[in-house]
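**Student:** Structure for the following, please:
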Amino acid sequence: MKRIEVFAPAKVNLSLHVTGRRTDGYHLLDSLVVFAPVGDRLVLRGADDWSLTVDGPEAEDVPTDGRNLALAAATLLGDAPRAALSLHKALPPASGIGGGSADAAAALRGMISLANDGTAGGDGAALDRHAPGILALGADIPMCLRSAPARVRGIGEDQSPVNLPPLPAVLVNPRRPVSTPEIFRRLECRDNPAMPDVLPPFPDAVALVAFLAGMRNDLEAPACAAQPAIVEVLAALRKRGGCRLARMSGSGATCFGLFDSNDEAEAAAAAISREHPGWWVAHGALGDMSGRAAPVRQ
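**Tutor:** Below is the predicted model:
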């Protein structure tokens, strides 16, 4: 029986500028997005009918029916065979790092690979046919399909690849619920300045962090007001040696700290885990995926 394993990496919004709102209620964004070497894993096997099982440290309360984005995305490809999906959940759900969207993107990549006998042939054509349905399922899914650094505009459909150096980082989530609709409701200004039309070159991490220091996450202030634990997470990151920038990702509550070195990031993650054993903490070089998002036939 064919078995396809796909990595579903965490998405991190290094910047997130809310630049407007469409008449249908969707907000317009301008965001610099990277992916982390931590994430969920999805295994797909050909089957007579659809099914989904979920395990892992973050599996509690994750639905296994059509409410799960991975299963919903897999069934979008009507011309593909049916499959049994097994999701190992390592990312906290609803945490601002695209866990559900990453799982959905992994399901789409895996289904295409399963249909093509383990190869990636025809990916673009299949995804183009189902692009409206994919975007309707989740605005973050198109960017998660590539799992590569990008400048993302519009509601998530306008993507431009960017060359970014790897960023040693720590990711922290306080395990407190944050409602994305509530955060957008709390947003006082929806017509904020975008990033520069032309991004400068980023020859190294120092240059990139210096640029990011002048950018924003427009959802951070309303999220901190709605969930004060985010303020505590940012303070815990900022006090660590070597932390050059701490910011919230997406609509929260996960925050990231950017460090001078991988060793400093690892030390900071260990210290935060000791001081806050109930928090979810991970570390790694953002943007350094080393091909981990590609489907693997086994």
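
**Student:** Which residue is the nearest non-sequential neighbour of residue 285?
**Tutor:** residue 166 (4.0 Å; C-beta to C-beta, 6 or more residues apart in numbering). Bear in mind the C-beta positions are built from the backbone N, C-alpha and C, glycine included.

**Student:** Am I right that that neighbour is in contact with residue 208?
**Tutor:** No - contact status for residue 166 versus residue 208: not in contact, 9.6 Å apart, counting by C-beta atoms under 8 Å.

**Student:** These two: who's more crowded?
**Tutor:** The residue with more neighbours, out of residue 166 and residue 208, is residue 208; 26 against 19, by other C-beta atoms under 10 Å.

**Student:** Assign a three-state SS to residue 284, would you?
**Tutor:** strand (DSSP: H, G, I helix; E, B strand; the rest coil).

**Student:** so what's it up against?
**Tutor:** 36-38, 168-169, 265 (C-beta atoms under 8 Å, 6 or more residues apart in numbering).

**Student:** swap the cut-off to 7 Å and go again
**Tutor:** By C-beta atoms under 7 Å, 6 or more residues apart in numbering, the contact set of residue 284 is 36-38, 169.

**Student:** Save those as JSON lines, and put in secondary structure and distance to residue 159 too.
**Tutor:** As requested, the contacts of residue 284 are arranged in JSON lines below (DSSP: H, G, I helix; E, B strand; the rest coil; distance: C-beta to C-beta, whole Å):
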{"residue": "36", "secondary structure": "strand", "distance to residue 159": "18"}
{"residue": "37", "secondary structure": "strand", "distance to residue 159": "21"}
{"residue": "38", "secondary structure": "strand", "distance to residue 159": "22"}
{"residue": "169", "secondary structure": "strand", "distance to residue 159": "22"}
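
**Student:** Who wins on neighbours among those residues?
**Tutor:** Most surrounded of these: other C-beta under 10 Å gives residue 169, at 29 neighbours.

**Student:** what's next to the host helix or strand of residue 86, contact-wise?
**Tutor:** Using DSSP states H and E, residue 86 maps to strand 83-88. Strand 83-88 is contacted by residues 40-47, 50-56, 70-71, 74, 103, 107, 111, 114 when judged by C-beta under 7 Å, 6+ apart.

**Student:** how close does the residue nearest to residue 285 sit to residue 144?
**Tutor:** Distance from residue 166 to residue 144, counting by C-beta to C-beta, to the nearest Å: 19 Å.

**Student:** quick one on the thing from earlier: so the residue nearest to residue 285 is in contact with residue 265, correct?
**Tutor:** No - here residue 166 lies out of contact with residue 265, judged by C-beta atoms under 7 Å, at a distance of 11.0 Å.

**Student:** how about the residue nearest to residue 285, what does it touch?
**Tutor:** 285-288.

**Student:** run the last query once more with 10 Å
**Tutor:** Residue 166 makes contact with 34, 37, 149, 204-205, 208, 262, 284-290 under the criterion C-beta atoms under 10 Å, 6 or more residues apart in numbering.

**Student:** Of these, just say which sits nearest to residue 140.
**Tutor:** Checking the contacts of residue 166 against residue 140 by C-beta to C-beta gives residue 34 as the nearest, at 13.4 Å.

**Student:** Just give me the neighbour total for the closest one.
**Tutor:** Look at residue 34: counted by other C-beta under 10 Å, it has 27 neighbours.

**Student:** Also the one 10 residues further on?
**Tutor:** By the measure other C-beta under 10 Å, the count of residues near residue 44 is 27.

**Student:** Which strand or helix spans it?
**Tutor:** Residue-wise, residue 44 maps onto strand 27-46 under DSSP H and E.
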